[in-house]
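1. sequence first, then the predicted structure, then my questions.
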Amino acid sequence: MKNYFIFLGLLFFGLNSCSKDDFESTLPVDNKILENSIKDEKSVLIEKFGFSFMSSIKQSPNLRKLIKDEALKMFDKDYEVLIFSIKDVVLETGETFETIINRNAKDGFELLNLLKIEPTLTILVPELPLGSFSAKTWDIINEIPAIAIGSNASNEIQMITPENELVIIPNDAIPGFPVLVIKKNERVVSNLEYSDFEKLKSKTVLEKNGIDFKFWSNNFDNINKNNEVKSTTLFLDQKLIDAYTIYEQQYVGLNGWQRDYIYYDIDPSNPNGAFKYTFQEHLTSFGMLGDAINAYNKISDQTGDPFFNNNNRINTSHWTDGYYEFKVRTIVNSTNGLGGEIIGGFTVVPDDLFSLVYETYTTGLWIWQKTWYRLVSISNKTVSVNVPIINWNLDEFSSSIKIEIEEVDLATTTITTDSRVVKFATNFEFSPSIGEKVKVGLKFGASLETTLTNIVQKSFTQGNDPLGEVIVNFADKVVLGQSGGILKRWTTRNYSTGNCTFCIMPKRVQ
C-alpha cells in the first residue's frame, strides 16, 4: 500500500505549479511503459545494479560515507567515483562493496559481469541548483538519495526512488533533493574499449582484474592535485605587451610577427635569435556563441539529436553528466613529416559557462513531496581555462596549426586522417657562437617558405558534439591593443568557429 501511494504521488508530478496545458508533459511515464520498453543487455544490468545500489545505500551509512568521501577527492576533476576503484573496499560488515551489491541484487546479478562490459561505470554526486544538494552538503546520516540512471540513448532520465519505484522524470526537470547518478565516465578509458589504449601517454588511473584505466587527457588528472587547472590572469605578460609595442607602434609599417619576439627575441634591430622554451601556446578562454538556449541544448544533449519542446522548455537532462568536458584537438604538422594530434581538455561548471536562471516548484503529494527546478533563462558567458598546446618552434612545426573543439559525451574513438597544405619556415641555420640553431630574419626571412601536403592521423569520437575548427597562424597577432575607459585592459585575439569562441596565445611556462 505504501508503494502505491508513493507512485500515486509521483503521478501528480507538476500538480502544484503547472498549468493544465503543460500538466501532461510533466507527468512521469507510467511504470508499465518502462516494463514494456526494449532495453539492451547493458541497460538491463545497469538497472539491476541501480536497484541493488539503492537497497545497499539505504542499509549502510558507511557505504554512503564511502561514496561521499571518494566523490570529494574529485579524482577526475568532478565529484565522481569509478566503481571499479571501490569494488574491493571492505565496509563495516566485513563485506566488500561488490559483495554487498551482489547480495542485494536479484536474478543472479553479478557486479563484475556488468563492469566487464561497462568498465568505466561511475557514480556521480551532482551539484544541483541553488545549493540544494552536492557532495559537500550531503548529510549521509539523514539523507538517502534517489538513484538516477543516465543514458546516451535518451534524454529522459530513469530514477529509482528510496521506495524502490522506477519512474521517468521529464528532461526539463532538475531535482532539488539528494540524487546519485549512475553513468559512464567520459574522462577515463579502459583497455577493453579503446583500441589505441597503449598509445595513450596519459596517466594510468587503475589496474585491476586485468583491466587498465587511463585518463584520455592528463588535463583531467586530479589524483595527486598536481595538475590543477589554474585560471588565467587578467594581466598580460610584459613580453607580450613588448611584442605588441615593437610591431604595432614602433615599426607600424613592418607588419611583423609578434611571436617572433615572444619565442626568438627577434625584432628589426635584432633579426636573428634562438628559440626560447620560456613560452608555450595555450587555450586561455572559452565561450559559446549565438543563441544561448541553442548553445546550451547543443552541448547538453546526450543523444546527438536536437531537443525540441512545444512549451519552449529547455533540456536540462545534462545534470546527470556533471561538469562539461571539452576536448581540444591540435593538428600539428612537423618538418620531419610525421605530424600528429595533441589532445587536451578542460572541464567547466555549467554555471560558469552560462548565466542560468531557475524557477522552483514543488510536486507530488505530501507522501513524496519534492522540490524541482526548471531553467527559464540562459545567457552565454566566457570562462578562463588553461590548456597547454605546443612550444611553437618553426624549425619543428609548420607556420599554422588547426584547433578543433568538441564537447565530450563518449570517450571511445576511431582513427581518421587530416590532410592539409601547410607552410614551413626554412630560415634557420646553426650558430657556432651559441651552439644551436637560430632563426635568421623576420617572418620567413630572405628565403622562401616550403609548402608541403601533410597527412596526419587524428582520433574521431562518434557521439561527441563537434563545435568547429579554426586555423591559427604563427603570424597572427596575439595582442590587439587596449580597450575601455580610464581602466584600460589589453585585448587579445579571439578565434571563432561559429559555435564557440576562444583565445590561443603564448603563456610563460618557465
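-> That came in fine, so what should we check first? Since we're looking at a predicted model, the values are computed, not measured.
2. check the gap between the closest residue to L240 other than its chain neighbours and E70 for me.
-> Take L240 and drop its neighbours on the chain: the residue closest to it by CB to CB, 6 or more residues apart in numbering is V479, 5.4 Å away. (C-beta placed from N, C-alpha, C; glycine too.) To E70, V479 is 44 Å away according to CB to CB, to the nearest Å.
3. what's the answer for P268, then?
-> With CB to CB as the criterion, P268 and E70 are 58 Å apart.
4. those two - which one has more neighbours?
-> Set P268 next to E70 and count neighbours by other CB atoms under 10 Å: E70 wins out with 20 against 13.
5. now the end-to-end length of stretch 429-445.
-> One end of stretch 429-445 sits 12 Å from the other (CA to CA, to the nearest Å).
6. okay, now the sheet partners of whichever helix or strand F213 is part of, with direction.
-> For F213, the enclosing helix or strand under DSSP states H and E is strand 211-215. Strand 211-215 pairs in its sheet with strand 188-190 (antiparallel), strand 204-208 (antiparallel), by DSSP bridges.
7. that older thread, just checking, the residue nearest to L240 touches T491?
-> Yes - with contacts counted by CB atoms under 8 Å, V479 reaches T491, the gap being 7.4 Å.
8. next, count neighbours for S85.
-> So S85, with other CB under 10 Å, has 17 neighbours.
9. what's the helix or strand for the residue nearest the centre of the chain?
-> For the chain, the residue sitting closest to the mean C-alpha position, by CA atoms, centre = their mean, is E325 at 0.4 Å. Secondary structure assignment for E325, by DSSP H and E: strand 324-332.
10. centre of the chain to that strand, how far?
-> Centroid displacement of strand 324-332 relative to its chain, using CA atoms, centre = their mean, to the nearest Å, is 10 Å.
11. show me what that strand is packed up against.
-> In terms of contacts (3 or more CB pairs under 8 Å, 6 or more residues apart in numbering; DSSP states H and E), strand 324-332 is packed against strand 340-348, strand 400-407, strand 450-460.
12. now the weakest link among those strands, please, by mean pLDDT.
-> Looking over the helices and strands packed on strand 324-332, mean pLDDT reaches its minimum on strand 450-460, with a mean of 54.
13. on that earlier part again, phi, psi of the closest residue to the residue nearest to the centre of the chain other than its chain neighbours?
-> Distance criterion CB to CB, 6+ apart; nearest residue to E325, sequence neighbours excluded, is V408 at 4.0 Å. When read as degrees, to the nearest 10, the backbone of V408 gives phi -90, psi 120.
14. all numbers from here: first residue = 33
-> Sure, I'll start counting at 33 from here, so that last one is V440.
15. to what extent is V440 buried, counted in neighbours?
-> With other CB under 10 Å as criterion, V440 counts 22.
16. was I right about it contacting V360?
-> No - contact criterion CB under 8 Å: V440 and V360 do not qualify, at 10.6 Å.
17. common neighbours of the two, please.
-> Common neighbours of V440 and V360 (criterion: CB atoms under 8 Å, 6 or more residues apart in numbering): G377.
18. direction included, what does the helix or strand containing N418 pair against?
-> Assessed by DSSP H and E, N418 sits inside strand 414-420. Using DSSP bridges, strand 414-420 pairs in its sheet with strand 311-320 (antiparallel).
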